[in-house]
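Enquirer: Mind looking at a prediction? Sequence and model below.
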Amino acid sequence: MFTSVDPNDIQDETARQVIIWLLNLVEELKQENGVLREEVQELRDENNRLKGEQGQPDVKPNKKTEKQEHSSETERRRPKQRRKSSKVDKIEIDREETLVIDKQELPADAQFKGHEPVVVQDIAIKTDNVRFWKEKYYAPSTGKSYLAPLPAGYEGEFGPGLRALLITLYHASGMTEPKIIEFLSYFNISISAGQVSNLLIKKNETWQTEKDEIYKAGLASSSWQHIDDTSTRVDGQNHHCHVIGNPLYTAYFTRPRKDRLTLIEILQNVSEAQFLLNEQTPGWLETFAVPQWAQRTIAQWPQHLLLSYDQIKKLVNTDLERLNEQQQARVFEAAALSAYHTQTIIPIVPLLLSDDAPQFKSITDEQALCWVHEGRHYKKLTPFIDYHRQLLDQFQTKFWEFYHTLQRYRAGPSPIQATLLAQAFDTLFSTVTGYEALDQRIAKTKAKKDALLRVLLHPEIPLHNNPAELGARQRVRKRDISFGPRTSDGAAAWDIFMTLVATAKKLNVSFFAYIHDRVSGVNALPNLAEIIMQRSPAFHPAISEISP
């Protein structure tokens, strides 16, 4: 009964304000009590484990409740009318066969009316083991033997078909190495675990070059990029997988850290950032709130010279030892950003579309924030009072209505409409409901106005960061299946082939066909980087702007 109190039913203003205050106090105490209960249970479990007993089992519920579900897909997406389309026209026909009727089964007056096509899909998996007889010559004049080389694509004990299949099963289909070996054993393929591992992670220099070309073409293909990250493991150590892309490509980078300096290295596609002090550096130092005395000191350092990490570190340790660790990190970032925005080797990203994690800020000239991510903050609110639940539901409805209004603006932008939407944003996110947790959340959203409304200046960008999050989810799934690579070569292979898999899918290119084309030495298919350039409006202005 208490939870259903509605302060609007109270006539006396003073009493109403007191009740509103009490309801917020109840919410605060309820939340605090829940946190304390969890902490007490964790302490009890730890105490039991120290005594050699077991803690309370973590039994998952049969079905996620609404409070546990933080996804905003239901509100963001509007139902679409789905029409079942024929797939027959998309099926490549390998052979045709004419079927005839036994004439003895036909009535005497049956008349021939042509043929009726029926497409049946099937696949044949068979070995293609070859014994090559290589001609061998010996020349007494040189004292050497000469052997005929293997055909293009054949290397060692395994041919291009098997090598392409291994890469596809592991990197595109998510099979583990033991399962791949088991699958191949059904066809009497003799291959060891070590051989499978070597074929998957060794001699990938050519593939690394292709990945670099994809990344460079992808960065140049649009004026904005999605970016996100997720945790991963390398040889049992915590790392982070960074995902960058747009509708034409997705690239993966596994690094030990996820700080701003790491992101600058990734944007430059280098293992270690370079540093430069020039006219841009004071602006970055000011943005990062580096003390004025430190800025004056930095101004005396060598200017317009590329510095290595060790060189800039020596300067910092010598002249800026009074700065704390965080402030010193900002100095490194300012010098790295100066180098990044000055170089011409790799395209500079003008705008990043991301969540509101601090490491994504102040890297590019502009940043756009994901509305779906912002919506999750509201979904995570768990009011105890019915009245507060109603306030939250009402505001969430208005939140997503405004989101859909922005989507319509993207389809037909205009300066007048942009001004009206900016005003509507101020009105909506100046709402005061009386539910304190909700009001604090609304105020935080309003503080992000510029980044959330970046679409008003750039209607070509999407309103959400879902493609990057979906890319990160692919790494999570692979991590769940294969745990993580054990070596740096393995981590590099994961990044290379996940980039190729995701990009080929976006470009509607068969990954297996592409890999087989390369390992067989045919090289008839164009590079994925070339396809990106062919389809990008940045390279072909006549093509309409990329849309998600």
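Expert: That came through, no problem.
Enquirer: from what I can see Ala437 touches Tyr378, true?
Expert: No: Ala437 is beyond contact range of Tyr378, at 10.0 Å (criterion: Cβ atoms under 8 Å). Where C-beta positions appear, they are placed from N, C-alpha and C, glycine not excepted.
Enquirer: before we move on, what SS does the closest residue to Ala437 other than its chain neighbours have?
Expert: Excluding the flanking residues, the one nearest Ala437 by Cβ to Cβ, 6 or more residues apart in numbering is Leu381, at 5.8 Å. Secondary structure state of Leu381, per DSSP: H, G, I helix; E, B strand; the rest coil, is coil.
Enquirer: any idea how far Leu381 lies from Gly153?
Expert: Noted for Leu381: a distance of 58 Å to Gly153, by Cβ to Cβ, to the nearest Å.
Enquirer: Repeat that for Arg518.
Expert: 9 Å.
Enquirer: Next, the contact list for Phe207, please.
Expert: If you look again at residue 207, you'll see it is Trp, not Phe. 496-497, 500, 518 (Cβ atoms under 8 Å, 6 or more residues apart in numbering).
Enquirer: Repeat the analysis, applying 7 Å as the threshold.
Expert: Contacts were defined as Cβ atoms under 7 Å, 6 or more residues apart in numbering; by that measure Trp207 touches Ile496.
Enquirer: Give me the next element, helix or strand, following the helix or strand harbouring it.
Expert: Using DSSP states H and E, Trp207 sits in helix 205-220. The element immediately downstream of helix 205-220 (helix or strand, assigned by DSSP H and E) is strand 224-234.
Enquirer: quick one: that following strand to chain centroid distance?
Expert: 5 Å (Cα atoms, centre = their mean, to the nearest Å).
Enquirer: which helices and strands sit right next to it?
Expert: Packed against strand 224-234, as judged by 3 or more Cβ pairs under 7 Å, 6 or more residues apart in numbering; DSSP states H and E, are the following elements: strand 237-246, strand 351-354, helix 466-482.
Enquirer: one step back: for the helix holding Trp207, could you pull out the residues that count as buried?
Expert: Judged by neighbour count using 16 or more other Cβ atoms under 10 Å, the buried positions of helix 205-220 are 207, 210-220.
Enquirer: then that helix to PDB, C-alphas only?
Expert: Below are the C-alpha coordinates for helix 205-220, written out as PDB (Å, rounded to 0.1, in the frame of the first residue of the first chain):
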ATOM      1  CA  GLU A 205      52.400 -11.700 -42.700                       C
ATOM      2  CA  THR A 206      50.400 -11.500 -46.000                       C
ATOM      3  CA  TRP A 207      47.100 -11.600 -44.100                       C
ATOM      4  CA  GLN A 208      48.400  -8.800 -41.800                       C
ATOM      5  CA  THR A 209      49.100  -6.700 -44.800                       C
ATOM      6  CA  GLU A 210      45.600  -7.300 -46.100                       C
ATOM      7  CA  LYS A 211      44.200  -6.300 -42.700                       C
ATOM      8  CA  ASP A 212      46.300  -3.100 -42.700                       C
ATOM      9  CA  GLU A 213      45.000  -2.200 -46.200                       C
ATOM     10  CA  ILE A 214      41.400  -2.900 -45.100                       C
ATOM     11  CA  TYR A 215      41.900  -0.600 -42.000                       C
ATOM     12  CA  LYS A 216      43.400   2.200 -44.000                       C
ATOM     13  CA  ALA A 217      40.700   2.100 -46.700                       C
ATOM     14  CA  GLY A 218      38.000   1.800 -44.000                       C
ATOM     15  CA  LEU A 219      39.300   4.900 -42.100                       C
ATOM     16  CA  ALA A 220      39.200   6.900 -45.400                       C
END
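Enquirer: And Asn246, how close does it get to Lys216?
Expert: For Asn246, the distance to Lys216 - Cβ to Cβ - is 13 Å.
Enquirer: re earlier: tell me which of Arg518 and Gly153 has more neighbours.
Expert: Arg518 (22 against 17; other Cβ atoms under 10 Å).
Enquirer: Which residues belonging to stretch 20-32 are considered buried?
Expert: So for stretch 20-32, counting by 16+ other Cβ under 10 Å, buried means 20, 23-24, 26-27.
Enquirer: Sort out for me which of the residues you listed are in helices.
Expert: 20, 23-24, 26-27 (DSSP state H).
Enquirer: what number of residues lie near the residue lying closest to Ile180 once chain neighbours are set aside?
Expert: What sits nearest to Ile180 in space, not counting adjacent residues and going by Cβ to Cβ, 6+ apart, is Leu169, at 5.2 Å. For Leu169, the neighbour count with other Cβ under 10 Å is 20.
Enquirer: just Lys361 next, same as before
Expert: 15.
Enquirer: what's the answer for the one 5 residues further on, then?
Expert: When neighbours are defined as other Cβ under 10 Å, Glu366 has 17 of them.
Enquirer: Now do the phi/psi pair for it.
Expert: phi -140, psi 150 (degrees, to the nearest 10).
Enquirer: Tell me which residues touch it, please.
Expert: 350-351, 454.
Enquirer: Identify the bridge partners of it.
Expert: Leu351 (DSSP bridges).
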